[in-house]
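In: Fold the following and give me the result.
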Amino acid sequence: MPDDAIRSFNDVLGKQATSSILAGEVVSSKRFQELPISLEVPAGLTAVSVPAKDVSALGGAVSAGLHVDIYSTGNTSTTLIAQNILVLATSSSYNESSSASVSWITLGVKPSIVQELVAASQNATLYFTLPSEADVSSNSNSESGDQSSSESDVPVPSISADTSKINGEIYE
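Out: So this is what the prediction gives:
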């Protein structure tokens, strides 16, 4: 057994697993982190966690404090859901390993887009892009960013729970 193997439930009590654990697997204490005391959510925003994979989260480089644009892609279409969204935390934020993978991202979003974001995360794959600092600065109307197209030259399409419908139009 490795020296850092978990031998008792009490060894991980009050800690969070930073990655999936398979049945029967010998688990290292390095795979656990103390639970965060609290998550600071800026006024006017709602924290929502969505599933993510390294490949869709900038190779795992998405981290707390960044502002990202979010795209939803399904079988036949890809659409921009929201822009300039504040990342509050990621699963890799709680893992000391330099090779930690991202399995979830917690975002600070306006309450009006929570339902749309949750539906998209259940029905499609989300991709997170990192706009340039100039774009983030020019589009930022608040601590949370625009989250709409009002200040952008490019309209932000809306997405329904059916990812084949964008702005009410059906795409085949």
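
In: what comes up buried for the longest strand seen in the chain?
Out: For the chain, the longest strand by residue count, based on DSSP state E, is strand 78-90. Residues of strand 78-90 classed as buried: 79-90 (neighbour count, 16 or more other C-beta atoms under 10 Å). Glycine gets a C-beta too; all of them are placed from N, C-alpha and C.

In: Which stretches in this structure count as helices?
Out: Ranges of helices in the chain, per DSSP state H, are 114-123, 133-139.

In: Deepest-packed of these, please.
Out: Highest mean neighbour count of those: helix 114-123, a mean of 17 (counted as mean count of other C-beta atoms under 10 Å).

In: and that helix, what does it pack onto?
Out: Counting contacts by 3 or more C-beta pairs under 8 Å, 6 or more residues apart in numbering; DSSP states H and E, helix 114-123 packs against strand 46-51, strand 78-90.

In: would JSON lines of those with mean pLDDT and distance to L13 be doable?
Out: Converted to JSON lines, the helices and strands packed on helix 114-123 look like this (pLDDT from 0 to 100; distance: least, C-beta to C-beta, whole Å):
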{"stretch": "strand 46-51", "mean pLDDT": "92", "distance to L13": "23"}
{"stretch": "strand 78-90", "mean pLDDT": "92", "distance to L13": "21"}
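
In: now the strands for the protein?
Out: Listed in chain order, the strands of the chain (DSSP E) span 15-17, 32-34, 46-51, 67-73, 78-90, 104-109, 125-129, 165-166, 169-170.

In: Measure how the fourth one sits relative to strand 46-51, angle-wise.
Out: Calculated by axes from the mean of the first three to the mean of the last three C-alpha atoms, to 10 degrees, strand 67-73 forms an angle of 50 degrees with strand 46-51.

In: which secondary structure elements does strand 67-73 contact?
Out: Under the contact definition 3+ C-beta pairs under 8 Å, 6+ apart, strand 67-73 sits against strand 78-90, strand 125-129.

In: Tell me how the chain divides into domains.
Out: What automatic domain parsing lists as the domains of the chain is 1-35, 46-170.

In: so which of the ones you listed is the most packed in?
Out: Most buried of those, by mean neighbour count (mean count of other C-beta under 10 Å): domain 46-170, with a mean of 17.

In: still on that earlier bit, could you tell me the least trusted of the helices of the chain?
Out: When these are compared by mean pLDDT, helix 133-139 comes last with a mean of 68.

In: which residues does A5 bridge with?
Out: For A5, the beta-bridge partners are S28 (DSSP bridges).

In: pretty sure it is in contact with V27, am I right?
Out: Yes. If you go by C-beta atoms under 8 Å, A5 and V27 touch, sitting 6.8 Å apart.
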